[in-house]
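Asker: sequence unknown, structure follows:
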């Protein structure tokens, strides 16, 4: 079994100065997008294939340091998937219906209490998404927790998608924080792995009780919710 | 709509000296892997999500120029997917059953005739897979067309997965052929895109009549089968 090499630093025991949050699936509950596939007559299971394929193609372009807009890949990926499926309306109408779902997403139930708990610890917080800052800001405003974040950042400004090292470095530069003082919080192991390679600590938010793949660098913390993350970091508070 | 920039070269009208074939899905019919998901009690639709996720995570590592073994990602990806699914046996038995399916895959029906037609044109042919050369060689030996290929190459030797430019460059170096004299043949748009960025021509094998994503560099040829590829290239033959 191939196992990613471990990199040891002192980052894993201190309270981070800065938490960098992924947005899609980490803060937002994407389950309603599956329902939208069903609403246009397709299988809800296509949602998982579509989202994995969207990231696959975005990462393929990131390998060559291309930086495409997330929404373009999302919509075009829907055209590919739905063009082969049985749907009950015009293709572009179906694509629009599912894309509109992004703006209608809500945060997971644990997010507001978790963010308030983290705010109480005095850590700085930003978002860093492969998507658009508009979606992130709208999501967090709707949840009433926009004030927890000092910035809403996107790889659109970084020049390359996560998990490229440059994407995390952009967020650190923006905030004036060293990698060793920052922790990436994400529901995706490819993101916690990328952050570790860029020198940040990482917390994996594992709400579904899934398995962390052995081929990625281990996360420093595994938590079932942001409430638990706040609790774990509180134990590090001076 | 984000559209990939076009790169114009003279490569698109000459008969290539070398054809570089992708293996998984391009030469092999992977549909029996869906059946194996069903044989262990899971949904056959999981196969698409699993394979997209496997490439997603492999590409995430390729962004940082890591080079993990394909089989490790495939098996660990199965553990993640099947660990959350209802299956009718022990997890490792289910993983082994599906992984064994790779060695049992057969070529698509159009492959033998197509390869013979291409051989008749006098073009050189190699395979270049993100997987193992053993699987590729076994597949083509079973189909009785191993002799069409001068080499079975893998990114294991290249040091990084396709679609990194270095992976295609490795195959070209191995064969002593310039990029402008080579054409990549693949069923995956991320692969034809990567080949174009590395300076090769590309042929997209689109057996299912799917849509080519606008965010990738267009392929030079779109063909529904390798028989059609041989016909199209025959028209370029002097």
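Answerer: Arrived safely, thanks for sending. Since this is a predicted model, take the numbers as computed values, not measurements.
Asker: To what extent is the nearest residue in space to residue A:76 that is not next to it in sequence buried, counted in neighbours?
Answerer: Nearest residue to residue A:76, sequence neighbours excluded (CB to CB, 6 or more residues apart in numbering or on different chains): residue B:213, at 4.9 Å. Every residue, glycine included, has its C-beta placed from N, CA and C. As a burial measure, residue B:213 scores 20 neighbours (other CB atoms under 10 Å in any protein chain shown).
Asker: Where does residue B:213 fall, secondary structure wise?
Answerer: Counting by DSSP states H and E, there is no helix or strand that carries residue B:213.
Asker: Show which residues not belonging to stretch A:93-110 make contact with it.
Answerer: For stretch A:93-110, the external contacting residues (CB atoms under 8 Å, 6 or more residues apart in numbering or on different chains) are A:27-30, A:32-33, A:36-37, A:39-42, A:71, A:74-75, A:78-79, A:82, A:87, A:89, A:131, A:135, A:138-140, A:142-143, A:145, A:207, A:225-227.
Asker: Narrow these to those that are buried.
Answerer: A:27-28, A:30, A:33, A:36-37, A:39-40, A:42, A:71, A:74-75, A:78-79, A:82, A:87, A:131, A:135, A:138-140, A:143, A:145, A:207, A:225-227 (16 or more other CB atoms under 10 Å in any protein chain shown).
Asker: avg pLDDT for stretch A:180-189?
Answerer: If you average the pLDDT over stretch A:180-189, you get 98.
Asker: So what would you say the end-to-end distance of it is?
Answerer: For stretch A:180-189, the separation between the terminal residues is 19 Å (CA to CA, to the nearest Å).
Asker: Go through that stretch and flag the buried ones.
Answerer: Buried residues in stretch A:180-189, counted by 16+ other CB under 10 Å: A:181-189.
Asker: Could you pick out which of those are located in helices?
Answerer: residue A:189 (DSSP state H).
Asker: which among the buried residues of stretch A:180-189 gets closest to chain B?
Answerer: residue A:189 (7.6 Å; CB to the nearest CB).
Asker: How about the closest one: what's its closest non-neighbour residue?
Answerer: Sequence neighbours aside, residue A:216 is the residue nearest to residue A:189 in space, at 4.7 Å (criterion: CB to CB, 6+ apart).
Asker: Ok, residue A:190 next?
Answerer: Computed as CB to CB, 6+ apart, the closest residue to residue A:190 that is not its neighbour in sequence is residue B:60, at 3.9 Å.
Asker: Let me know the angle separating the helix or strand that contains the one you found from helix A:46-63.
Answerer: Here residue B:60 sits within helix B:46-63, counting by DSSP H and E. Inter-element angle recorded for helix B:46-63 and helix A:46-63: 20 degrees (by axes from the mean of the first three to the mean of the last three CA atoms, to 10 degrees).
Asker: tell me how far helix B:46-63 is from the chain's mean position?
Answerer: Relative to the mean C-alpha coordinate of its chain, helix B:46-63 is positioned 14 Å out (CA atoms, centre = their mean, to the nearest Å).
Asker: Kindly report the same for stretch A:108-122.
Answerer: That offset, for stretch A:108-122, works out to 17 Å (CA atoms, centre = their mean).
Asker: same thing with stretch A:150-169?
Answerer: 12 Å.
Asker: Can you point out the buried residues in that stretch?
Answerer: For stretch A:150-169, burial by neighbour count (16+ other CB under 10 Å) applies to A:152-156, A:158, A:160-169.
Asker: Distance check, residue A:120 against chain B.
Answerer: Counting by CB to the nearest CB, to the nearest Å, the separation of residue A:120 from chain B is 34 Å.
Asker: phi, psi of that residue?
Answerer: Main-chain torsions, residue A:120, degrees, to the nearest 10: phi -60, psi -20.
Asker: Show the contacting residues for residue A:223.
Answerer: Counting by CB under 8 Å, 6+ apart, residue A:223 makes contact with A:203-206, A:229, A:232.
Asker: Run through the buried ones among the contacts of stretch A:93-110 and flag the ones next to chain B.
Answerer: Among those, the residues within reach of chain B (CB under 8 Å from any CB of the partner chain) are A:75, A:79.
Asker: Return the subset of the buried ones among the contacts of stretch A:93-110 lying in helices.
Answerer: Among these, the ones falling in helices (DSSP H) are A:33, A:36-37, A:39, A:71, A:74-75, A:78-79, A:82, A:135, A:138-140, A:226-227.
Asker: Take the buried residues of stretch A:180-189 and write them to TSV, including distance to residue B:120.
Answerer: Shown next, in TSV, are the buried residues of stretch A:180-189 (distance: CB to CB, whole Å):
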residue	distance to residue B:120
A:181	64
A:182	60
A:183	60
A:184	55
A:185	58
A:186	52
A:187	52
A:188	48
A:189	48
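Asker: which among the buried residues of stretch A:180-189 gets closest to residue A:55?
Answerer: Within those, the smallest distance to residue A:55 is 8.2 Å, found for residue A:188 (CB to CB).
Asker: Right, I'll call it a day here.
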